[in-house]
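*Asks:* Just the structure for this:
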Amino acid sequence: MVFVPGGTFLMGSDRHYPEEAPAHPVTVDGFWMDRTPVTNAQFARFVEETGYVTEAERPPDPRAYPGIRPEMVYAGSLVFSPPSGPVNLSDPLRWWRFVRGANWRHPLGPDSSIDDLLEHPVVHVTWADALAYARWAGKDLPTEAEWERAARGGLWGAEYAWGDELEPDGRPMANVWQGEFPWQNLLHDGWFRTSPVGAFPPNGFGLHDMIGNVWEWTADAWTYHPPAGTCCTPRNPRRDGPDGIDPLSGIQRKVIKGGSHLCAPNYCRRYRPAARQPQTVDTSSSHIGFRCVVRLSTRSPNGPEHDE
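*Replies:* Below is the predicted model of the structure:
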């Protein structure tokens, strides 16, 4: 793990999506964070020791989904399936399929495996799956504020985790989509789907893959940032109550952060520390993973807290 020093930083952004605004100062205490997202190899050890079965490996309970057709009650998960050409970007079903038998062991469906992906981030995990791993490891999921503090790497208000240019000197700094999403991936960064953790440079705190590769679950329930003009700088904010209910399904949503290999300039510019998105807690997909934190009750021996 890597120690992230406590301090005050500017959370959010006024320059992009409305749910990121307003940018506002937040203070967090120091904490330890996994250097990379949890990998398939690490998750496999957890499953081997505990016998844990992920939600994608279990058929859904029809009582939790009133009106579901019987032929849809099967185990599976969402898999990115690119179309052959341009499509209407308002319809995600043009590039997402719910695949029977897709799960963390079989990321593209029952005929696929993770044999060559052991150092890639584990995917097809729901929020409960991620929390179960964290508790087994003696850790926790990061709050949104902790996650964003860590992702910024000590840079005050920068657009990206490494500065203000997406590709400084033409160099890809994260596994994101180059080209026209969802059909044209130019592969400038070398990866079509996930990449091995640590394949790109770390940020200023020594953390890899805080941007791109896979979205990451946080502990916080989804809500919009506090309104502009908040009088005080909150310390260690956390939203873990029954908020964030999806109005259509009635299922709670949590905040996911960091964007993924599917984020592109023409569709999802969420490959930034300030970016955020709601995700229902029972949803797993081929581009959502997680990492863990350990909080300290005392200041770190690495040094005093500081502001960016």
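*Asks:* in what helix or strand does the closest residue to Glu167 other than its chain neighbours lie?
*Replies:* Leaving aside its chain neighbours, Glu167 sits nearest to Met173 (6.6 Å; criterion: CB to CB, 6 or more residues apart in numbering). Glycine gets a C-beta too; all of them are placed from N, C-alpha and C. Element membership for Met173, per DSSP states H and E: none, as it lies in no helix or strand.
*Asks:* hang on, Met173 packs against Ala199?
*Replies:* No. Here Met173 lies out of contact with Ala199, judged by CB atoms under 8 Å, at a distance of 10.8 Å.
*Asks:* would you list every one of the helices in the protein?
*Replies:* Counting by DSSP state H, one finds helices in the chain at the ranges 40-50, 127-136, 144-152.
*Asks:* Show me what the shortest one is packed against.
*Replies:* It refers to helix 144-152. Applying 3 or more CB pairs under 8 Å, 6 or more residues apart in numbering; DSSP states H and E, one finds that helix 144-152 contacts strand 2-4, strand 7-11, strand 24-28, strand 31-33, strand 215-221, strand 253-257.
*Asks:* go with 6 Å
*Replies:* strand 7-11, strand 24-28, strand 215-221 (3 or more CB pairs under 6 Å, 6 or more residues apart in numbering; DSSP states H and E).
*Asks:* Can you tell me which of the ones you listed is packed in deepest?
*Replies:* strand 215-221 (a mean of 26; mean count of other CB atoms under 10 Å).
*Asks:* Which residue would you name as the spatial centre of the protein?
*Replies:* When CA atoms, centre = their mean is applied to the chain, the residue found nearest the centroid is Glu216 (1.7 Å).
*Asks:* Dump the helices and strands packed on helix 144-152 to a markdown table, plus distance to Val294.
*Replies:* Below are the helices and strands packed on helix 144-152 laid out as a markdown table (distance: least, CB to CB, whole Å):
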| stretch | distance to Val294 |
| --- | --- |
| strand 7-11 | 18 |
| strand 24-28 | 14 |
| strand 215-221 | 13 |
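*Asks:* Return the most buried member of the helices of the chain.
*Replies:* Counting by mean count of other CB under 10 Å, the most buried of the helices of the chain turns out to be helix 144-152, with a mean of 26.
*Asks:* Now do that helix against strand 253-257, angle only.
*Replies:* Angle, helix 144-152 to strand 253-257, by axes from the mean of the first three to the mean of the last three CA atoms, to 10 degrees: 10 degrees.
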